[in-house]
Every structure is written in structure tokens, then in C-alpha cells.
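[1] sharing a sequence plus its predicted fold:
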Amino acid sequence: MNNITNNLMLVKQRLELAALAAKREPEDIQLLAVSKTFPARAIEEAMHAGHSAFGENYVQEGVEKIQQLAKLRPWLEWHFIGPLQSNKTREVAEHFDWVHSIDRLKIAERLSAQRGEFPNLGPLQVCVQINISEENSKSGLPIEEVEALCTAITKLPHLVLRGLMAIPAPSKDIVQQRQALAAVRECFIGIKTMHIADFGYDFFDTLSMGMSDDLEVAITEGSTIVRVGSAIFGKRDKV
Ligand SMILES: *Cc1c(COP(=O)(O)O)cnc(C)c1O
């Protein structure tokens, strides 16, 4: 068995054990294989092992791989998870199924308008990114501003607001790590409750958090998509 196939199996086992320990159904947690910096052939390998959802961080690199794997497009689901500049939204609107990293209304408005130019694609599934514990990071929105952006996005015609995404700063302190993830979950539940009550909006079901090193604790704290790169594809040279 090759490495990627074997690693995928190990990560799925971790996911299942964490779900069972948290008294959750493993099927309620999606594994997103983060293939950034790895070539299309690594994605094909994962696909042959039965995997179909892949995450990319860089627009250029992601679009290149999507085009290289165009023949397999009907079986693949592509998630954009990296920082997004406004001059790159068109390519994302044209090629991806999901965007996890929305933190400005302007980006959401551009994605919606541009997605509308491809009616055969259907709406783009999106999450708002919260900046939870990364003081130095420019990505993500402070928790106080998340609700207003979510409400604005629900009014855009070619986006479906699916939930929240967070990348808590790695911490050796497990209590601190859990607190950060729990704060994201509380924000998620607050917005979900409000949106369902106020607008009957029932698509808000996604909490995208947890990576190779912290997927167990993220699942304990309610994650529904874990984004796992190095534990599947191996160590990366660049980040
Ligand atoms: C790289 C990356 C991941 C995967 O990280 P690993 O530690 O390799 O699992 C997940 N989410 C985002 C946003 C990333 O940039």
C-alpha cells in the first residue's frame, strides 16, 4: 500500500475514534484533504483510495491542479481555504465548489456576482473565517464582527452561507486550544440559532476547524469539516 492510501486510512481512523469518544457520528464529520504544495498526481492517488474532497490555499496553484484533473472534475469537490485577494475572486468563483476563508463583504459580493456568470455551476458554498487566537494574523474577522457579515452574506444570490471556519494558533496548552475552539463553536451555535429563528435559514451547518495536529480536540468541540494536509500527504517544504 502506498503512503497516501495508508495515511488516509490512519487519519480516518483518528477521525472515527475522536467522533466516537465525543459521542458523535463519524459520518457527520467530513475529511478535507489539503493538497497545497503537492502535485496533481498525489491527488489522483488519494482519489484512487476513495477520497474526493480537496482543499487548496493558493489560487494559481489550485486552479492549475483543477485544470490538470479536469477529466475527474465530476467526482471531485474543491475547497478554497487560503487568503483571498479581490483580484483573484473570479478564478475562485469559476473553479471551486467551496470557499472557507471569507472575511470581508467586498470579497463575498464579488464572488456572488462572478459566480452568477456561471449559472450551470450553482451557488458557491461559503464559510466566514473567524480570527480567534492569531493576534498577528491578518486573516479572519474578530468574533464581534462575524454575525453582521454572516447576515449580509445570506442576502447574496449566488452564495450559500454554510458556516464558520477558524485556524486557532497552535498551542501546546491543550486547555487553551480547547477554549479557542469552544469559542468558535459558541459563536457558530449563536448565529445558527439566530438565523434559523429570524429567516428560516437552514443551510448553516458547517464548522470548519481542526488540522493534522488538533483534529481530535476540534471534533470534541463540534467540528464538521477537518482540514488535514501533512498527515495525509506528508511534510511540506513551504507552508
Ligand atoms: C495548510 C492548511 C491546513 C492543513 O494543515 P496541516 O497541519 O498540514 O494538516 C488546514 N487549513 C488551512 C487553512 C491550511 O492553510
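    Looks like it arrived, so ask away.
[2] pLDDT wise, what is Glu186 at?
    Glu186 carries a pLDDT value of 96.
[3] repeat for the one 5 residues further on
    In this prediction, Ile191 carries a pLDDT score of 92.
[4] does it lie in a helix or a strand, and which?
    Per DSSP states H and E, Ile191 falls inside helix 174-199.
[5] same thing with Gly82?
    Applying DSSP H and E, one finds Gly82 in no helix or strand.
[6] contacts only, for it.
    For Gly82, the contacting residues are 36, 56-59, 101, by Cβ atoms under 8 Å, 6 or more residues apart in numbering. No exception for glycine: its C-beta is placed from N, CA and C like everyone else's.
[7] cool, and Ala42?
    Contacts of Ala42 by Cβ under 8 Å, 6+ apart are 4, 35, 233.
[8] so which elements touch the one helix or strand Glu144 maps to?
    Take DSSP H and E as the rule and Glu144 turns out to sit in helix 143-153. Judged by 3 or more Cβ pairs under 8 Å, 6 or more residues apart in numbering; DSSP states H and E, the packing partners of helix 143-153 are helix 105-115, strand 124-130, strand 159-166, helix 174-199.
[9] which of these sits closest to the ligand?
    The minimum distance between the ligand and the helices and strands packed on helix 143-153 falls on strand 159-166, with 7.6 Å, by Cβ to the nearest ligand atom.
[10] mind giving me the packing neighbours of the closest one?
    Contacts defined by 3+ Cβ pairs under 8 Å, 6+ apart place strand 159-166 against strand 98-102, helix 105-115, strand 124-130, helix 143-153, helix 174-199, strand 206-208.
[11] okay, buried residues for the helix or strand of the chain with the lowest mean pLDDT please.
    Here the helix or strand of the chain ranked lowest by mean pLDDT, DSSP states H and E is helix 174-199, holding a mean of 88. Neighbour counts over helix 174-199 (16 or more other Cβ atoms under 10 Å) mark 177-178, 180-181, 183-185, 187-188, 191-192, 195 as buried.
[12] say whether the ligand is contacted by it.
    No - using Cβ under 6 Å from any ligand atom, helix 174-199 stays clear of the ligand, coming no nearer than 13.6 Å.
[13] re the thing from before, going by distance to Val228, which of the buried residues of helix 174-199 wins?
    Closest approach to Val228 among the buried residues of helix 174-199 (Cβ to Cβ): Leu181, at 15.5 Å.
[14] quick check on the residue nearest to that closest one when sequence neighbours are not counted: phi, psi?
    Distances taken as Cβ to Cβ, 6 or more residues apart in numbering put Glu221 closest to Leu181, at 3.9 Å, once the chain neighbours are dropped. The main-chain torsion angles of Glu221 are listed as degrees, to the nearest 10 and equal phi -90, psi 10.
[15] wait, doesn't Glu221 sit right on Ala183?
    No - counting by Cβ atoms under 8 Å, Glu221 does not reach Ala183; the two are 9.3 Å apart.
[16] list the contacts of the residue nearest to Gln176 when sequence neighbours are not counted.
    Of all residues not flanking Gln176 in the chain, Ser133 sits nearest, at 7.9 Å (Cβ to Cβ, 6+ apart). When contacts are counted by Cβ under 8 Å, 6+ apart, Ser133 touches 168-169, 171, 176, 180.
[17] circling back: of the contacts of Gly82, which is the most crowded?
    Scoring the contacts of Gly82 on neighbours with other Cβ atoms under 10 Å, the highest-scoring entry is Glu56 at 26 neighbours.
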